[in-house]
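Colleague: After the sequence you'll find the predicted model.
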Amino acid sequence: MPPEEPHQITCHLDRLLGERGMTLAELAEGVGVTVANLSILKNDRAKAIRFSTLSAICRELECQPGELLTFAHREAAADSPA
């Protein structure tokens, strides 16, 4: 079986929390998931997200999914000047 390719989705949860003056613990309580699970998402280590969780995060942060998650080609990022 070939190795799994890393995903190319970036999560902007940290920025959105900062803009709204909200902690990860407050969001976790409002969404109904653990801080550990949100931390995995925030640190771009998540492999998947349930639509119900995504909906709850967007509800709590008053944002659209595209504000939370973006797609970027890894090759394009590697070609960018530092």
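Modeller: Arrived safely, thanks for sending.

Colleague: so how far is whichever helix in the chain runs longest off the chain centroid?
Modeller: In the chain, taking DSSP state H as the definition, the longest helix is helix 51-61. Averaging C-alpha positions (C-alpha atoms, centre = their mean, to the nearest Å) puts helix 51-61 11 Å from its chain's average.

Colleague: Give me the packing partners of it, helices and strands only.
Modeller: Taking 3 or more C-beta pairs under 8 Å, 6 or more residues apart in numbering; DSSP states H and E as contact, the helices and strands that helix 51-61 lies on are helix 13-20, helix 24-31, helix 65-68. Heads up, the C-betas are built off the backbone N, CA and C, glycines and all.

Colleague: Against which helices or strands is the last one packed?
Modeller: Put plainly, it is helix 65-68. helix 13-20, helix 51-61.

Colleague: Distance to Ser39 added to these, as a markdown table?
Modeller: Supplementary listing: the helices and strands packed on helix 65-68 in a markdown table, determined by distance: least, C-beta to C-beta, whole Å:
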| stretch | distance to Ser39 |
| --- | --- |
| helix 13-20 | 9 |
| helix 51-61 | 13 |
